[in-house]
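coords please:
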Amino acid sequence: MSHCPAVSAALRPVAAVLLPPTVSAGQNVVLRGSGSGAACNRQVTGFAWTIVDAGPAPPGIVGGQTDTAIVVAPATGSFTVRLTVTDDLGRQDSANVLVTQDGVPKVLAETPKDKLLN
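Okay, here's the model as predicted:
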């Protein structure tokens, strides 16, 4: 296996999240990871949804190990939900979504250094 960052990035799966158009406080927010994909001849074998930034009282997640997760929009503030997808070789990718009390959920543009193409 090459140690070239571009090759490593091309072989990993890609986590993709479909977001609802709007969110209101207390409303169920359905996040879908079914658009995620794996490299050629590979398969996505696992989905894991986690709350990564919610303060002292993180919300629960329904469907935390499936391609679709449901969380409840906060009454105040915001929290971040992370989808991590794993392929049949154990390679992973993640996408973070910011959920607020009112408005539109946003995929956060975060690129860890190991995913940057040099």
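
dig out what the residue nearest the centre of the chain forms beta bridges with.
The structure's the chain has its C-alpha centroid closest to L83; by C-alpha atoms, centre = their mean the separation is 2.5 Å. Under the criterion DSSP bridges, L83 forms beta bridges with W49, A95.

how much space separates it from G33?
Going from L83 to G33 by C-beta to C-beta, to the nearest Å gives 5 Å. Using the backbone N, CA and C atoms, a C-beta is placed for each residue, glycine as well.

can you list residues touching both of these two?
Common neighbours of L83 and G33 are listed as 15, 17, 47, 49, 69, 95 (criterion: C-beta atoms under 8 Å, 6 or more residues apart in numbering).

surely the second one is in contact with A95?
Yes. Between V17 and A95 a contact is recorded at 5.2 Å, counting by C-beta atoms under 8 Å.

what do these two both touch?
Contacts common to V17 and A95, judged by C-beta under 8 Å, 6+ apart, are 33, 83, 107.

got CSV for those, with distance to L89 and pLDDT too?
Supplementary listing: those in CSV, determined by distance: C-beta to C-beta, whole Å; pLDDT from 0 to 100:
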residue, distance to L89, pLDDT
G33, 18, 96
L83, 19, 96
V107, 25, 83
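
which of those sits closest to R91?
R91 lies nearest to L83 out of the shared contacts of V17 and A95, by C-beta to C-beta, at 14.8 Å.
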